[in-house]
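Peer 1: predicted structure and sequence below. I'll ask about it afterward.
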Amino acid sequence: MSKVYLVGAGPGDPELLTLKGKRVLATADCVLYDNLANEALLDFAPPSAELLYVGKKKSNHSMPQDEISELLVERGRRGLNVVRLKGGDPYLFGRGGEEAEALADAGIPFEVVSGVSSALGIAAYTGVPLTHRDHTSVVTFVTGHDVEKIDWMKVGTAETLVIFMGLSYFEAIAERIIAGGRSPETPAMCVRWGTRPDQEVITGTLATLPGLVRQAGMKPPASFIVGGVVELREKLNWFEHLPLFGLTIVVTRPKEQAAALSQPLRELGAHVVEMPAIEIRPPESYSALDSAIAELGSYDWLLFTSANGVRAFFERLRVSTVDTRAIRGKIGAIGPATRDALAEHLLKVDVMADEFVAEGLLRALEAYSVAGQRILLARAAVARDVLPMMLRERGALVDVVEAYQTLAPENLAARAKHVLEQAPDWIVFTSSSTVQNTLEATGTLHGVRAMSIGPVTSATLRKNNIEPAAEASEYTVDGIIAALRAQARRIY
């Protein structure tokens with residue numbers, strides 16, 4: 001049965017979406033999302049879902065509230081599963097009640113999925129508990145966008161006061177609270193984009209905070225917390241002390257592989273922007289790979305120089321007339337990621353490079369006599385020839401077969417332009433292909449620090465007159481993360 005869901009998107013950090021919110025998004029035929037809902041959440045919706053931005057900013061409403069309600073009713077009547085994705089919680093200053101009433105009046109089945117309110121998110125991510133036994137047991141939530149409607153002399157006495165949408169009027173609000181008897185020295189805090197990596201916080205007192213906010217040029221969306229609990233921020237502020245907090249890092253890995261790097265960086269506080277610079281696609285022809293698989297038992301060695309090569313090889317093996325029982329040769333892997341990909345097929349490697357490049361694998365193979373032995377190397381269509389060339393010089397019979405190809409995504413130029421306009425701190429390159437494709441799309445990387453996964457990628461950067469600001473000492477995702485952490489300590 002189709003239904004309209006009013007879903008709380010949480011305060012900004014996409015991981016604060018509830019499990020139920022994620023589940024209903026996955027069933028959506030249509031998603032209506034607002035300005036405060038993190039657009040990363042749209043990835044949970046099916047690719048076929050209709051995505052409609054209905055956000056409202058101060059003095060810039062893309063769609064009036066009554067039209068949003070009408071749209072919900074209209075889509076609901078069409079028998080669609082509709083998700084109304086609202087920042088924070090739908091029923092706390094989110095006008096979810098108005099939308100629910102419109103649906104109820106129209107007889108449209110609906111459900112409300114609670115979300116983490118921005119007030120609770122801000123409290124957690126700024127180190128300011130809204131209640132504390134030594135400070136307060138009372139919290140008051142109030143909207144500040146209409147100063148005249150609130151009795152600030154009364155509300156202002158609340159031990160902890162949380163003010164939503166009061167940025168433009170906080171000076172007047174503070175004056176009224178102080179006039180009502182609240183001490184001008186009461187700790188107060190303003191927070192913009194709470195729970196996000198670009199979270200901004202200004203602390204002061206009721207008397208000083210209006211001027212500090214004005215001086216900083218703080219812009220919406222912002223909320224305020226007033227009360228003694230603000231003093232705990234200095235002690236409990238864990239989020240802004242994360243090692244990569246405040247840094248914007250661009251990840252160029254393929255979309256389906258980006259999370260392995262993006263997620264650890266986010267956990268360290270970084271604002272991660274995924275900009276896939278390559279796509280993994282099937283080869284132009286499977287004939288060479290299929291022929292090699294048909295003769296799998298004749299190979300003395302199977303060498304893999306990437307996890308992508310492993311996956312492509314086994315996808316083709318799966319549809320062939322043979323299986324892993326045909327493998328009689330030894331197996332070599334260029335590094336731990338490739339080794340782990342083989343382990344998924346219950347295969348253990350006999351040889352792994354100590355330095356995760358072709359030269360490292362060659363050194364590891366020096367312990368074996370490969371003269372006269374057949375070696376299968378399944379890899380990308382375009383790759384360095386140093387490995388097969390050197391093995392042939394040692395007398396090996398090497399078959400290099402195309403298992404996949406890497407191409408630039410069609411939308412890379414537009415995506416790169418948008419990403420670079422955000423002035424990121426770092427752009428991480430995980431292969432020479434990501435460098436070449438990005439530069440072909442942008443023409444330049446002026447003003448952005450380039451991070452390289454290793455010497456081969458660094459050489460490609462230098463070939464294009466870009467000196468990498470940092471290079472991973474271990475040519476893995478963990479190596480990249482360690483290098484970024486080290487750079488953050490040195491520079492910031």
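Peer 2: On my side now, so go ahead.

Peer 1: what's downstream of the stretch of helix or strand Ala102 belongs to, the next helix or strand?
Peer 2: Ala102 belongs to helix 96-106 when assigned by DSSP states H and E. On the C-terminal side of helix 96-106, the closest following helix or strand by DSSP H and E is strand 110-113.

Peer 1: buried residues of that following strand, list them for me.
Peer 2: 110, 112-113 (16 or more other CB atoms under 10 Å). In short, each C-beta sits where N, CA and C put it, glycine included.

Peer 1: check stretch 85-99 too.
Peer 2: In terms of neighbour count (16+ other CB under 10 Å), stretch 85-99 has its buried residues at 85-96, 99.

Peer 1: lowest-scoring secondary structure element of this protein by mean pLDDT?
Peer 2: Lowest mean confidence among the helices and strands of the chain (mean pLDDT, DSSP states H and E): strand 60-61, at a mean of 52.

Peer 1: what's across from Leu398 in the sheet?
Peer 2: Just to correct that, residue 398 is Val rather than Leu. According to DSSP bridges, the residues that bridge with Val398 are Ile375.

Peer 1: OK, contacts around it?
Peer 2: 375, 377, 388, 391-392 (CB atoms under 8 Å, 6 or more residues apart in numbering).

Peer 1: just the residues you listed: which has the poorest pLDDT?
Peer 2: Lowest model confidence among the contacts of Val398 falls on Pro388, which carries 89.

Peer 1: where in the stretch 51-200 of the chain is pLDDT low?
Peer 2: Flagging of the stretch 51-200 of the chain using pLDDT under 70 yields the residue ranges 56-62.

Peer 1: residue farthest from the centroid of the protein?
Peer 2: In the chain, the greatest distance from the average C-alpha position (CA atoms, centre = their mean) is reached by Gly372, at 48.4 Å.

Peer 1: what about the closest residue to it other than its chain neighbours, how many residues nearby?
Peer 2: Counting by CB to CB, 6 or more residues apart in numbering, Gly372 lies nearest to Gly395, which is 6.0 Å off, once chain neighbours are set aside. Gly395 has 11 neighbouring residues, counting by other CB atoms under 10 Å.

Peer 1: check which helix or strand Gly395 maps to.
Peer 2: Per DSSP H and E: Gly395 is located in neither a helix nor a strand.

Peer 1: check it and give its pLDDT.
Peer 2: Taking Gly395 on its own, its pLDDT is 94.

Peer 1: ok, now how distant is the spatially closest residue to Arg196 that is not a sequence neighbour from Glu467?
Peer 2: Nearest in space to Arg196, with sequence neighbours left out and distances taken as CB to CB, 6+ apart, is Gly12 at 4.1 Å. Distance of Gly12 to Glu467, given as CB to CB, to the nearest Å: 35 Å.

Peer 1: compare the two (neighbour count), which wins?
Peer 2: When neighbours are counted by other CB under 10 Å, Gly12 and Glu467 differ, and Gly12 comes out ahead with 25 against 9.

Peer 1: contacts only, for the more buried one.
Peer 2: Contacts of Gly12 by CB under 8 Å, 6+ apart are 36, 38, 87, 118, 121, 193-196, 199.

Peer 1: what would the contacts of Val398 look like in a markdown table with distance to Leu289?
Peer 2: Below are the contacts of Val398 laid out as a markdown table (distance: CB to CB, whole Å):
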| residue | distance to Leu289 |
| --- | --- |
| Ile375 | 15 |
| Leu377 | 11 |
| Pro388 | 15 |
| Leu391 | 19 |
| Arg392 | 20 |
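
Peer 1: so Arg449 sits against Ile427, correct?
Peer 2: Yes. If you go by CB atoms under 8 Å, Arg449 and Ile427 touch, sitting 7.3 Å apart.

Peer 1: between the two, which is the more surrounded one?
Peer 2: The neighbour comparison of Arg449 against Ile427 (other CB under 10 Å) goes to Ile427, with 26 against 19.

Peer 1: identify the bridge partners of that one.
Peer 2: Here Ile427, judged by DSSP bridges, has bridge partners Val250, Ala450.

Peer 1: could you do Trp301 as well?
Peer 2: Residues in beta-bridge contact with Trp301 (DSSP bridges): Lys330, Ile375.

Peer 1: how near is it to Ser320?
Peer 2: 19 Å.

Peer 1: how about Val448?
Peer 2: With distances taken as CB to CB, Val448 is found 44 Å from Ser320.

Peer 1: now Gly76
Peer 2: Gly76 is 49 Å from Ser320, by CB to CB.

Peer 1: just to check, Gly329 is in contact with Glu295?
Peer 2: No. At 11.3 Å, Gly329 does not count as touching Glu295 under the criterion of CB under 8 Å.

Peer 1: quick one: which of those two has more around it?
Peer 2: Per other CB under 10 Å, whichever of Gly329 and Glu295 has more neighbours is Gly329, with 19 against 13.

Peer 1: state the pLDDT value of the more buried one.
Peer 2: Note on Gly329: pLDDT of 94.

Peer 1: check the one 5 residues further on too.
Peer 2: For Ile334, the model assigns a pLDDT of 90.

Peer 1: quick check: closest non-adjacent residue to it.
Peer 2: Ile334's closest residue in space is Thr305 (CB to CB, 6+ apart), at 4.5 Å.

Peer 1: for the one you found, give its distance to Tyr404.
Peer 2: Using CB to CB, one gets 12 Å for the distance from Thr305 to Tyr404.

Peer 1: so for those two, which sits in the more crowded spot?
Peer 2: Comparing Thr305 with Tyr404 by other CB under 10 Å, the one with more neighbours is Thr305, at 24 against 21.
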